[in-house]
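> Fold the following and give me the result.
(one chain, ligands or ions: 1)
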Amino acid sequence: MSTGIDWDSLRSVARAAVTRAYAPYSSYSVGAAALTDDGRILEGCNVENASYGLTLCAECALVSQLHVTGGGRLVAVSVVDSDGTPLTPCGRCRQLLYEHGGADLWVDAEPDPVPVSQLLPDAFGPDHLKRKKGA
Ligand code: THU
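Numbering: from 1, shown residues only. Got it, this is the predicted structure:
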C-alpha cells in the first residue's frame, strides 16, 4: 500500500535533485527520488544534450543508481518539476519504471499516488519474454 510510504521525504529528495538538473535546452528541470525494497533512497535528475535526442530523463539516472548501489526493486517513485510539483513520467520512463518495480510500483501524483499499472495499463514486460521462452 502507498500509505506506509513517507511521501513527504521522498518528494523532498526529488526537490533537492531537481536543483542539480542539466537542462539548458528545454529549461525544464526534473528531479526524481525512489524508495527501494530494502529501504534505500535513490535520486536522479535530467541531463540534456546538444544533440537533443540523447537527453536522459531523471528516471534514467534513478534506475542506473538502483543497480550501481546494489540492485533490488523500486517500491515508490516521486518525480517533480522545478516548482516541486509531482509530474507523471513520460511514456518511455513509465516502461523503464515498470521494468524495475513491476505493476505495484507506486508513483507520486496529485491528489494521491497511483500504481504504475494505472499509468501503463496492459504493460508489456519481462513476463512476456519468459512466457515465450517456456512455450
Ligand atoms: N523529462 C524527464 O526527466 N522525465 C520525464 O518523465 C519527462 C521529461 C525531461 C526530459 C527533458 O530534459 C525535459 O524533461 C523536457 O522534456
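> which bits of the protein sit near the ligand?
Proximity of the chain to the ligand is confined to 23, 26, 28, 30, 46, 48, 55, 57-59, 79, 89-90, 93 under the rule Cβ under 6 Å from any ligand atom. Every C-beta, even on glycine, is put in place using the N, C-alpha and C of the backbone.
> Could you dump those residues into TSV and include secondary structure and pLDDT?
Compiled in TSV, the residues of the chain next to the ligand are given as follows (DSSP: H, G, I helix; E, B strand; the rest coil; pLDDT from 0 to 100):
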residue	secondary structure	pLDDT
23	coil	98
26	coil	98
28	coil	98
30	coil	99
46	coil	98
48	coil	98
55	coil	98
57	coil	98
58	helix	98
59	helix	98
79	strand	98
89	coil	98
90	coil	98
93	helix	98
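> all strands of the protein, in order?
31-36, 41-45, 74-80, 106-107, 114-115 (DSSP state E).
> mind checking which of the ones you listed is nearest residue 129?
strand 74-80 (19.4 Å; Cβ to Cβ).
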